[in-house]
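Undergrad: Give me a model of this one.
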Amino acid sequence: MIKRLTKKLTRQLYFWVLIATIFGGFLGYVYPALGTQLKPLGDGFIALVKMLIAPVIFCTVVLGIAGSGDVKKVGRVGGKALLYFEVVSTLALGVGLLVVHLIRPGEGFNASPQSMDNTAVAAYAKSAAEQSTVEFLLHIIPKTFFDAFTNAGNLLQVLLLAILFGYAIVRLGKVGEPVHRFIEDASQLFFAMMNVIMKFAPIGAGGAMAYTMGKYGLAALKPLAALIGSFYLTCLLFIFIVLGSIAVATGFSIFRFIWYLKEELLTVLGTSSSESALVPLMNKLERMGCSKSVVGLVVPAGYSFNLDGTNIYLTMAALFIAQALNIELTIMQEFMLLGVAMLTSKGASGVTGAGFITLAATLAVVPSIPVAGLALILGVDRFMSEARALTNFIGNGVATVVIARWERELNHEQMAATLKEIG
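TA: Next up is the predicted model:
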C-alpha cells in the first residue's frame with residue numbers, strides 16, 4: 001500500500017514543486033553564492049509563462065464573449081465581477097488597516113528619513129513612474145493590434161482588444177463563425193503549450209527560492225519579522241474568514257477549495273507569481289462546474305482588478321513605514337491612502353516585484369510618508385510577495401465561483417462531487 005501511495009504521489013506535479021521549493025531554499029541558505037546564480041531558472045520559467053499569457057487571455061475572453069452569444073450577458077457578468085472586485089478589495093484594504101493598527105509592527109523602529117538608502121529604492125523601483133496607474137490607464141489603448149501582445153505586463157490592452165473582438169464576432173453572427181472556430185482551435189494550441197511549460201514548474205520554483213534565500217537569507221527577516229508575521233497573519237485571516245465566509249455562502253468549503261488547487265498554489269508559492277498558474281486555474285474551475293464563458297471573462301479580469309493580497313500589502317506596508325518613521329497620519333490621510341491604493345492596485349500585475357512598484361506609486365501621492373521610506377522594506381519585500389500572490393490567486397478563484405453562481409452557470413452537483421473526490 002505504501003509503495004502504491006508513493007508511486008501515486010511521485011506522479012503528482014505538486015509533489016515535485018514542493019520538493020524543489022524546499023531543496024532550493026535549503027541550497028540558497030547553505031550556499032548563498034550558488035543560490036543567487038540560479039536566478040535565471042526562476043526568471044526563465046516566468047518568462048515562458050508570460051510568453052503565452054497574452055494570447056491565452058485574448059482567446060479565453062473572446063471565446064467567453066462569443067460563446068455566450070449575448071452582448072447583454074457579457075455586460076452583466078462584467079458589471080457583477082467589477083462590483084464584487086471593488087467590494088472585496090475594499091474589505092482587503094480594511095482588514096490590512098485594522099491589523100496594522102492593532103499590532104503596530106513599525107512602532108519602536110524609530111528610523112530616520114535621512115538615513116534611508118534612496119539609491120537602493122531607485123534601483124528597485126526605477127520603473128514606478130512608468131508603471132503608475134495614471135500612466136497605465138493612459139496607455140490602455142495599444143498603438144497597433146499586435147502592440148498589445150508585445151507590451152509585457154499590460155493585460156488591460158489585451159482585455160480591451162479581446163472584448164472588441166468578441167463583440168464583433170457576436171454582431172457578425174454566421175459570418176463570424178469561422179473566426180470563432182479558429183480562435184477555439186488556437187486556444188487549444190496555446191493551452192497545450194502551457195501544459196508543456198508547466199512541467200518545468202519544479203525547476204522554476206526551486207531556482208526562484210534558491211535565489212531568494214541566497215540573496216537575502218534568514219538574517220534579512222529578523223529586523224522586520226513583525227511586519228512579515230503580521231502580513232502573513234492578515235492574509236490568512238482574509239482567506240479563511242472573509243473569503244471563507246463568501247465560499248460558505250456560495251456553497252463550498254474554502255479548505256477543500258484550497259486543497260483542490262494545491263498544485264497551482266505550490267507553483268505560485270515557489271515563483272511568487274500568480275500568473276504562473278493562470279491557465280491551470282481556469283482548467284480547474286471549469287472542471288469544478290463553472291461555465292467556460294464565465295471563467296473566460298472573470299479570471300482574466302481578476303488578474304488586473306481583483307488583487308486582494310496586493311491591497312493588503314499596500315495598506316500594511318505604507319502604514320508600517322509611517323509608524324517606523326514616527327509619522328502620525330490623520331484619519332483623512334489614511335482614507336486618502338486607502339483610496340489611492342484602491343486605484344494603484346489596479347495597475348499591478350501578477351508578476352514578482354509589481355507590488356513594490358505599486359507601493360512606490362501609492363506613496364508618491366501621499367507626501368506625509370517619504371518614498372525614501374521604501375528602503376525599510378526593500379530587503380524583505382521578496383519574502384512577502386509569496387503571500388501577495390497566493391492571496392490574489394485564491395481570491396480570483398473564489399470570485400469566479402461566486403460570479404458563476406450569480407449567473408446560474410455553476411453546476412452545484414459537479415462542484416460538490418469534484419471537491420469531495422479530493423478527500
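
Undergrad: Where does pLDDT dip in the stretch 251-400 of the chain?
TA: Scanning the stretch 251-400 of the chain for pLDDT under 70 picks out 343-358, 360-361, 364-367, 371-372, 375, 378-380.

Undergrad: Please determine how far Ser291 is located from Leu297.
TA: 10 Å (C-beta to C-beta, to the nearest Å). In this view, the C-beta of every residue, glycine as well, is placed from N, C-alpha and C.

Undergrad: With Gly35 instead?
TA: 41 Å.

Undergrad: How about Leu374?
TA: From Leu374 to Leu297 the distance is 35 Å (C-beta to C-beta).

Undergrad: more neighbours, Gly35 and Leu297?
TA: Between Gly35 and Leu297, counted using other C-beta atoms under 10 Å, the more crowded position is Leu297 (30 against 25).

Undergrad: Which of the helices or strands spans that one?
TA: Applying DSSP states H and E as the criterion places Leu297 in helix 292-305.

Undergrad: what's the angle between the top helix by length along the chain and helix 292-305?
TA: Determined from DSSP state H, the single longest helix within the chain is helix 71-103. Angle between the axes of helix 71-103 and helix 292-305 is 40 degrees (criterion: axes from the mean of the first three to the mean of the last three C-alpha atoms, to 10 degrees).

Undergrad: now the helices for the stretch 201-350 of the chain?
TA: 201-215, 225-237, 244-250, 254-260, 262-271, 278-288, 292-305, 308-324, 331-344 (DSSP state H, counting those that start in this stretch).

Undergrad: In JSON lines, list these along with distance to Ala399.
TA: Formatted as JSON lines, the helices of the stretch 201-350 of the chain follow (distance: least, C-beta to C-beta, whole Å):
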{"stretch": "helix 201-215", "distance to Ala399": "24"}
{"stretch": "helix 225-237", "distance to Ala399": "16"}
{"stretch": "helix 244-250", "distance to Ala399": "9"}
{"stretch": "helix 254-260", "distance to Ala399": "12"}
{"stretch": "helix 262-271", "distance to Ala399": "15"}
{"stretch": "helix 278-288", "distance to Ala399": "10"}
{"stretch": "helix 292-305", "distance to Ala399": "6"}
{"stretch": "helix 308-324", "distance to Ala399": "9"}
{"stretch": "helix 331-344", "distance to Ala399": "16"}
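
Undergrad: picking up where we left off before, remind me what the longest helix of the chain packs against, helices and strands.
TA: Judged by 3 or more C-beta pairs under 8 Å, 6 or more residues apart in numbering; DSSP states H and E, the packing partners of helix 71-103 are helix 39-68, helix 155-172, helix 225-237, helix 292-305, helix 308-324, helix 331-344, helix 381-406.

Undergrad: Recalculate using a threshold of 6 Å.
TA: Where contact means 3 or more C-beta pairs under 6 Å, 6 or more residues apart in numbering; DSSP states H and E, helix 71-103 is packed against helix 225-237, helix 292-305, helix 308-324, helix 381-406.

Undergrad: Of these, which stretch is the most buried?
TA: helix 308-324 (a mean of 28; mean count of other C-beta atoms under 10 Å).

Undergrad: Tell me what angle it forms with helix 225-237.
TA: In terms of direction (the same axes, to 10 degrees), helix 308-324 departs from helix 225-237 by 150 degrees.

Undergrad: Name the residues that touch helix 308-324?
TA: Helix 308-324 is contacted from outside by 89, 92-93, 96-97, 100, 104-107, 109, 111, 227, 231, 234, 329, 337, 341, 345, 348, 355, 359, 362, 369, 373, 376-377, 388, 391-392, 395, using C-beta atoms under 6 Å, 6 or more residues apart in numbering.

Undergrad: could you check the angle helix 331-344 makes with that helix?
TA: Using the same axes, to 10 degrees: helix 308-324 against helix 331-344 is 150 degrees.

Undergrad: can I get the CA coordinates of helix 308-324 in CSV?
TA: Extracted in CSV, the C-alpha atoms of helix 308-324 (Å, rounded to 0.1, in the frame of the first residue of the first chain):
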residue,chain,number,x,y,z
ASP,A,308,-6.7,41.2,-2.6
GLY,A,309,-3.2,40.3,-1.4
THR,A,310,-1.7,43.4,-3.1
ASN,A,311,-4.4,45.6,-1.4
ILE,A,312,-3.5,44.2,2.0
TYR,A,313,0.2,44.7,1.3
LEU,A,314,-0.2,48.3,0.1
THR,A,315,-2.1,49.3,3.3
MET,A,316,0.2,47.5,5.8
ALA,A,317,3.5,48.4,4.1
ALA,A,318,2.5,52.1,3.9
LEU,A,319,1.4,52.4,7.5
PHE,A,320,4.4,50.3,8.7
ILE,A,321,6.7,52.9,7.1
ALA,A,322,4.8,55.7,8.7
GLN,A,323,5.0,54.0,12.1
ALA,A,324,8.7,53.2,11.7
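
Undergrad: picking that back up, now the buried members of the contacts of helix 308-324.
TA: 89, 92-93, 96-97, 100, 105-106, 109, 111, 227, 231, 234, 329, 337, 341, 345, 348, 355, 359, 362, 369, 373, 376-377, 388, 391-392, 395 (16 or more other C-beta atoms under 10 Å).

Undergrad: circling back: out of the helices and strands packed on helix 71-103, which comes closest to Val77?
TA: Among those, the nearest to Val77 by C-beta to C-beta is helix 292-305 (5.3 Å).

Undergrad: got the contact list for that closest one?
TA: Residues contacting helix 292-305 (C-beta under 6 Å, 6+ apart): 57, 60-61, 63-64, 67-68, 77, 81, 85, 155-156, 282, 285-286, 346, 350, 396, 399-400, 403-404, 407, 409.

Undergrad: Nice, that's everything, thank you.
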